[in-house]
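> this is a predicted model, with the sequence first.
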Amino acid sequence: MKLLRNHHCTAMAMMLVLITHTAGAENATENLDPRIRSLLQQEMRAIEGAMQSVLSAIVRGQHDVVEERGQAIHDSFILAQSLSEEDRRTLRAALPGGFVELDKAFHGLAAELSESGTQEDSAAQLDVFQQMTESCLQCHQTYAPDRFKGLSAR
């Protein structure tokens with residue numbers, strides 16, 4: 001139980017950083033069509049909201065919510081529904097390769113999170129949630145340092 005509390009405190013501290021900043025990798029997306037950039041920013045906000053609900057679900061033992069929200073993050077809320085194939089090609093061509101790799105890894109972690117919900121494994125949920133949060137931090141530091149000035153010194 002002490003391990004769960006320690007993970008919870010770490011996750012809460014990381015989540016506070018996310019809550020106080022609305023995500024949007026502006027540096028990485030500054031050359032995108034404004035419509036696609038807006039969709040990407042909507043996606044980031046949707047992920048932020050899902051991450052908040054996941055944290056709440058983890059600490060409440062709501063494994064079904066963790067499973068569902070993890071799967072929703074994995075499946076990409078806005079972009080998967082809103083982009084044409086042409087938009088996808090434009091987006092892939094415009095984003096740095098490292099950004100794309102971080103994004104793929106993040107969505108892979110979301111699938112792991114969903115599975116940990118299915119397995120009703122709170123410790124795994126906390127571990128994966130922390131990895132996802134660290135991935136967000138890494139991306140913001142690398143690809144949006146002007147937007148997230150408080151993270152640049154990390």
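In hand now; what should we look at?

> grab the nearest non-local neighbour of residue 33.
Nearest non-adjacent residue to residue 33, counting by C-beta to C-beta, 6 or more residues apart in numbering: residue 90, 6.8 Å away. For every residue, glycine as well, the C-beta is placed using N, CA and C.

> pretty sure the one you found is touching residue 35, no?
No - applying C-beta atoms under 8 Å, one finds residue 90 not in contact with residue 35, separated by 10.3 Å.

> which of those two has more residues huddled nearby?
residue 90 (15 against 11; other C-beta atoms under 10 Å).

> what ranges in the chain fall below the confidence cut-off?
Applying pLDDT under 70 to the chain flags the ranges 1-29, 77, 80, 153-154.

> do a quick rundown of the helices in it.
Along the chain, the segments classed as helices by DSSP state H run 2-20, 26-29, 34-60, 63-75, 78-82, 85-94, 97-118, 122-143.

> would you mind listing the buried residues in the longest one?
Looking back up the chat, that one is helix 34-60. Buried residues in helix 34-60, counting neighbours by 16 or more other C-beta atoms under 10 Å, are found at 36-37, 39-41, 43-44, 46-48, 50-51, 54-55, 57-59.

> can you check stretch 125-142 too?
For stretch 125-142, a neighbour-count test (16+ other C-beta under 10 Å) marks 125-130, 132-133, 135-140, 142 as buried.

> residues contacting the residue nearest to residue 33?
32, 33, 36 (C-beta atoms under 8 Å, 6 or more residues apart in numbering).

> can I get these in a markdown table with distance to residue 73?
Below are these laid out as a markdown table (distance: C-beta to C-beta, whole Å):
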| residue | distance to residue 73 |
| --- | --- |
| 32 | 21 |
| 33 | 24 |
| 36 | 20 |
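
> ok, residue 135 touching residue 101?
No - checked against C-beta under 8 Å, the pair residue 135 and residue 101 is beyond contact range at 10.5 Å.

> which member of the contacts of residue 90 is positioned nearest residue 95?
residue 32 (8.2 Å; C-beta to C-beta).

> who's in contact with the closest one?
Residues in contact with residue 32, defined by C-beta under 8 Å, 6+ apart, are 40, 90, 91, 94.

> if we can go back for a sec, adding distance to residue 151, write the helices of the chain out as a markdown table.
Below are these laid out as a markdown table (distance: least, C-beta to C-beta, whole Å):
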| stretch | distance to residue 151 |
| --- | --- |
| helix 2-20 | 7 |
| helix 26-29 | 12 |
| helix 34-60 | 15 |
| helix 63-75 | 21 |
| helix 78-82 | 23 |
| helix 85-94 | 23 |
| helix 97-118 | 14 |
| helix 122-143 | 5 |
